[in-house]
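Asker: turn this into a structure:
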Amino acid sequence: MADYLESLAVKSSNGDGTAFMEIVKEFPCIYNRSNTQFKDKNLKSNAWKQIATLHEGEGVSVVCVDSCKQRYESIRTTFSRYLKKCKPPSGSGSDMVVLEPKYEHLRWLTSFIKSRSTSSNIKLNAVQINDASHAFIEEESEQLGLFDDIDDEITGEASHRHVYLNI
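Answerer: I've put the predicted structure just below:
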């Protein structure tokens, strides 16, 4: 494993996150929340120091460790937002997400990213929303007399007309 990590350290200087994330992949205590070592702060601190050493080279400082942590968080956040955007809607036939080539090297991370369900504090159902919007539109159009001229031209007399808009 040491030879493998050293070869990644050489590739890591190229700028894209591929080799960097391959180094991080070798330290599951960083990303795997179900790992028993995930909450061990000393182990994680040592892992980040090793990652910084492999990524930055010898003479690692606190700044290097912090920049590695920040780079990991940035890559992970970008990838998780991409996955959320690509997630098929509820009720669709397939749950398979096709990754863009620039995210393909992060496929291993998908099993460790858990998306939270979204909720709203508004408790109206669709019928209540439609009824309220129809009542508002009818009231506004009657008060403003929006369709009086049209009704007069068509029938020759003023008539009551309901207006429904899809909103």
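
Asker: flag every buried residue along the longest helix seen in the chain.
Answerer: Scanning the chain for the longest helix, with DSSP state H as the assignment, gives helix 62-86. Buried residues in helix 62-86, counting neighbours by 16 or more other Cβ atoms under 10 Å, are found at 64, 65, 68, 71, 72, 75, 76, 79, 80, 82, 83. For the C-beta atoms, the positions are set from N, CA and C on the backbone; glycine is no exception.

Asker: tell me the pLDDT of the second one.
Answerer: In the prediction, the pLDDT value recorded for residue 65 is 90.

Asker: these two touch, right, it and residue 47?
Answerer: No - between residue 65 and residue 47 there is no contact under Cβ atoms under 8 Å: 10.0 Å.

Asker: can you list the weak-confidence ranges in this structure?
Answerer: Judged against pLDDT under 70, the low-scoring parts of the chain cover residues 1-16, 58-60, 90-91, 93-96, 118, 120, 123-167.

Asker: what ranges do the helices span in it?
Answerer: Going by DSSP H, the chain shows helices at 2-11, 18-25, 28-31, 41-56, 62-86, 126-144, 148-155.

Asker: just checking, what packs against the fourth one?
Answerer: If I follow you right, that is helix 41-56. helix 2-11, helix 18-25, helix 28-31, helix 62-86 (3 or more Cβ pairs under 8 Å, 6 or more residues apart in numbering; DSSP states H and E).

Asker: that one versus helix 62-86: what angle between them?
Answerer: Interaxial angle, helix 41-56 versus helix 62-86 (axes from the mean of the first three to the mean of the last three Cα atoms, to 10 degrees): 90 degrees.

Asker: put the alpha carbons of helix 41-56 into CSV.
Answerer: C-alpha atoms of helix 41-56 as CSV (Å, rounded to 0.1, in the frame of the first residue of the first chain):
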residue,chain,number,x,y,z
LYS,A,41,-10.1,12.6,16.4
ASN,A,42,-6.5,11.6,16.9
LEU,A,43,-6.7,9.0,14.1
LYS,A,44,-8.3,11.4,11.8
SER,A,45,-5.7,14.1,12.6
ASN,A,46,-2.9,11.6,11.8
ALA,A,47,-4.7,10.6,8.6
TRP,A,48,-4.9,14.2,7.4
LYS,A,49,-1.2,14.7,8.2
GLN,A,50,-0.4,11.6,6.1
ILE,A,51,-2.7,12.9,3.3
ALA,A,52,-1.0,16.3,3.4
THR,A,53,2.5,14.7,3.3
LEU,A,54,1.6,12.6,0.3
HIS,A,55,-0.1,15.5,-1.4
GLU,A,56,2.1,18.4,-0.6
